[in-house]
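[1] Dropping the sequence and predicted coords here.
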Amino acid sequence: MAARGAHRLIALALTLLLAGCAVGPDFEKPAAPQAEYSRGPLPAETASADVAGGAAQRFVRGLDIPGQWWALFHSEALSALVAEALKANPDLAAAQAALRVARENVLAQQGFFYPTVSGSVTPMRQKTATGSVSPTAATGEAYLTLFTGQLSISYAPDVFGLNRRTVEGLEAQAELQRYELEATYLTLTSNIVAAAVQEASLRAQIAATQEIIDLETQLLALLQRQNALGQIAEADVVAQRAALAQAQAALPPLQKQLAIERDLLTALAGRFPSEEIDQRFDLAGLTLPQQLPVSLPAKLVEQRPDLRAAEANLHVASAAIGVAIANRLPNVTLTADVGTSATTLSRLLTPGTGFWDLASSVTQPIFAGGTLLHRERAARAAFDEAAAQYRSTAIAAFQNVADSLHALALDADALKAADAAERAAAESLEIARRQLQLGAVSYLSLLNAEQAYQQARINLVQAQAGRFADTAGLFQALGGGWWHRTDVAAGAGDPP
């Protein structure tokens, strides 16, 4: 009879488990925003300029992004530095470890789907106070030795889906951590490319400034000779010395920025400042990509790791609602013990020494001062918060792409104008210099021409660098091709 009762209890538990449902909302993936990157159509290609970095760039709608998009700049130094950073950067290593933690937490929680089994062996030696009570042993002896071996089983059927929702939330948390890793990867590679472009820009600005200093020095020598011949006043020579000093004063800040940029690149590579990287970057060593991808808006939500992380965070919040609801419902627990007990080890397995017990309990929260109710309401409010954060992230993502596309179109125009301005300023300076030698113009005209050329020369370098930087920014805004990576296993729903 007892055995039949145990079988019925187990059958009832299995029935409850199979018939159970996971309470709370089932997560639904947010629909892709029905939006575009701009109100009007994008241009087919940018303008071009007859200068380094001035090639026209074509916008190709739907073009896929390679996983190593920085290779499109055709710089061996840049590719080598990125490869080194991917192996040694501690932020990336930390994100990878955090992903492993999240995945292990999922596996740990899944263990609650199965019974918990534990075994114990308890040897005991006891003496009875025979002067006041009867001996414990049936033999009348005051001393009792007892050996007990026991197997305990405990099982909590997931009747209302408390554990299923908990596992669902942890799986979503692991997905969130996965996309946090992808975001770290994208940020790292983008920062390296941006810093390399900035270093190249600073080197070009330093070279331009040194060229200007050489030009100012030559003009000072010319004015000193003319002053010695009585052709110009001493005031003109002093003014040229001031112009030369001003040009020289512009050099240390650029050198300072370059040193800081080198420190940044060294740190991104996972090194200390004393272990400075060997790679050097200049604009001549970079090739401007001429085919630029423009992902379809519906694809952007799949490609941006921050959007995928926001979606996973929304999933976490959805599962938390189910957990909060399940905590307000009955909790079923089944337990069983089986074992044997004897006064000697040799008799542990003999007939008559075995024992077992089966038990079940149902616990229903009755009063908790409103705690469980308000936790459920808080979970629902957290879901609303996560939904609003997802929309905010989506808006920011579309803004990033729109900003990059507008910048690239205008960068080309700016470079073309800067190139024309630099050529005109250089020609104007040469004319003013020749006329000054002939005494046809005053020194003031030469000074104005010098200042115009200096500004035009620096503007041209900055415009060249701007095209490279904003090109890298577009690849970052579109997600950077992380779905082509091989060092992290692809997850369900990754872009094809």
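    Now that the structure is in, tell me what you want to look at.
[2] For Arg423, give me the pLDDT.
    Note on Arg423: pLDDT of 93.
[3] For it, give its distance to Ile395.
    Distance of Arg423 to Ile395, computed by Cβ to Cβ, to the nearest Å: 42 Å. Heads up, the C-betas are built off the backbone N, CA and C, glycines and all.
[4] Same check on Ala387?
    Per Cβ to Cβ, Ala387 is found 13 Å from Ile395.
[5] got it, and Arg308?
    Computed as Cβ to Cβ, the Arg308 to Ile395 distance reads 16 Å.
[6] Equivalent analysis for Ala382, please.
    Computed with Cβ to Cβ, the distance linking Ala382 and Ile395 is 20 Å.
[7] Please say which of Ala387 and Ile395 ends up with more neighbours.
    For the pair Ala387 and Ile395, the greater number of neighbours falls to Ala387 (16 against 12), based on other Cβ atoms under 10 Å.
[8] That one contacts His315, correct?
    No - counting by Cβ atoms under 8 Å, Ala387 does not reach His315; the two are 11.1 Å apart.
[9] give me the number of residues near Thr393?
    Using other Cβ under 10 Å, Thr393 is surrounded by 19 other residues.
[10] my guess is it contacts Leu307, does it?
    Yes - in this structure, Thr393 is within contact of Leu307 by Cβ under 8 Å, at 5.5 Å.
[11] Give me the three-state assignment for Gln126.
    Assigned by DSSP: H, G, I helix; E, B strand; the rest coil, the conformation of Gln126 is strand.
[12] Name all residues that make contact with it.
    For Gln126, the contact set (Cβ atoms under 8 Å, 6 or more residues apart in numbering) comprises 136, 143-146.
[13] can you do 6 Å?
    Each residue near Gln126 by Cβ atoms under 6 Å, 6 or more residues apart in numbering is listed here: Leu144.
[14] what's across from it in the sheet?
    Under the criterion DSSP bridges, Gln126 forms beta bridges with Leu144.
[15] Quickly note the distance from it to Thr344.
    For Gln126, the distance to Thr344 - Cβ to Cβ - is 14 Å.
[16] which element follows the host helix or strand of Val60 toward the C-terminus?
    Assigned by DSSP states H and E, Val60 belongs to strand 58-61. Next along the chain after strand 58-61, taking DSSP H and E as the criterion, comes helix 76-88.
[17] in that following helix, what's buried?
    Buried residues in helix 76-88, counted by 16 or more other Cβ atoms under 10 Å: 77-78, 81-82, 84-86.
[18] Mind giving me the packing neighbours of it?
    helix 162-228 (3 or more Cβ pairs under 6 Å, 6 or more residues apart in numbering; DSSP states H and E).
[19] Return the alpha-carbon coordinates of stretch 235-248 using CSV.
    C-alpha atoms of stretch 235-248 as CSV (Å, rounded to 0.1, in the frame of the first residue of the first chain):
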residue,chain,number,x,y,z
ALA,A,235,59.6,97.8,-37.7
ASP,A,236,58.9,95.4,-40.6
VAL,A,237,61.7,93.1,-39.5
VAL,A,238,60.4,93.1,-35.9
ALA,A,239,56.9,92.3,-37.2
GLN,A,240,58.3,89.4,-39.2
ARG,A,241,60.2,88.1,-36.1
ALA,A,242,56.8,88.2,-34.2
ALA,A,243,55.2,86.3,-37.1
LEU,A,244,57.9,83.6,-36.9
ALA,A,245,57.6,83.3,-33.2
GLN,A,246,53.9,82.9,-33.5
ALA,A,247,54.4,80.1,-36.0
GLN,A,248,56.9,78.4,-33.7
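[20] Helix, strand or coil: sort out Ala298 for me.
    With three-state DSSP as the basis, Ala298 sits in helix.
[21] Next up, the contacts around it.
    With contact set as Cβ under 6 Å, 6+ apart, Ala298 has these partners: Ala32.
[22] per-residue confidence for it?
    89.
[23] going forward, begin numbering at 54 instead of 1
    OK, 54 is where the count begins now, so the last one is Ala351.
[24] Now do it against Ala439, distance only.
    Computed as Cβ to Cβ, the Ala351 to Ala439 distance reads 21 Å.
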